[in-house]
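Undergrad: need a structure here:
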Amino acid sequence: MTDSDTNSRTFEAQKPSSESQANHLTLDSELSNVDPVEARAEQLAHKAGFDDDTSSQIAMATREAVINAILHGNKRDPKKKVRIGFALSNAALSITIADEGLGLDPDSVPDPCAPENILRSSGRGIFLMRAIMDEVHFHQLRPGTEIELIKHRTNK
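TA: Down below sits the predicted model:
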């Protein structure tokens with residue numbers, strides 16, 4: 001399995017198993033919603049037993065995904081929503097971010113490490129998510145894209 005699987009599915013809430021805790025948020029496509037989601041991700045990462053540095057990194061990856069959903073997915077359209085899901089199990093912390101945009105082909109995103117992109121002021125979000133998280137999956141929704149960020153808990 002690669003770190004960025006792409007497949008299609010429709011957005012649906014999943015019931016948490018008896019060994020997991022989950023919650024979901026539906027937010028307007030406004031950048032003012034980014035900070036509270038980032039804080040929630042960091043809080044859950046601490047609860048999962050991750051150290052301060054790792055918890056901050058998980059929060060940063062989540063922040064990047066939410067910003068991408070608002071700016072690039074929904075294009076700040078006030079009629080479109082961003083759906084966030086948090087799930088904490090014995091094995092991992094999983095965070096999903098779904099937009100209602102036209103969809104995203106993660107393979108079409110330019111490599112931020114390529115010489116022609118080094119000095120660009122944007123375009124590193126997906127790169128950071130992949131560097132920080134253990135797994136990053138892209139699911140094509142109808143409409144939109146869902147990014148699933150997973151960080152495994154080791155001996156937690």
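Undergrad: For my notes, confirm residue 148 occurs in a strand.
TA: Yes - in this structure, residue 148 lies within a strand as judged by DSSP: H, G, I helix; E, B strand; the rest coil.
Undergrad: The nearest residue to it once chain neighbours are set aside: neighbour count?
TA: The spatially closest residue to residue 148, leaving aside those adjacent along the chain, is residue 137, at 4.2 Å (CB to CB, 6 or more residues apart in numbering). Quick note: C-beta positions are derived from backbone N, CA and C, even for glycine. Residue 137 has 20 neighbours, counted by other CB atoms under 10 Å.
Undergrad: before we move on, what about the one 3 residues further on?
TA: Summarising burial for residue 140: neighbours were counted as other CB under 10 Å, giving 16.
Undergrad: what's the pLDDT at it?
TA: Turning to residue 140, the model gives it a pLDDT of 94.
Undergrad: what sits opposite it in the beta ladder?
TA: The bridge-partner assignment for residue 140, based on DSSP bridges, gives residue 8, residue 145.
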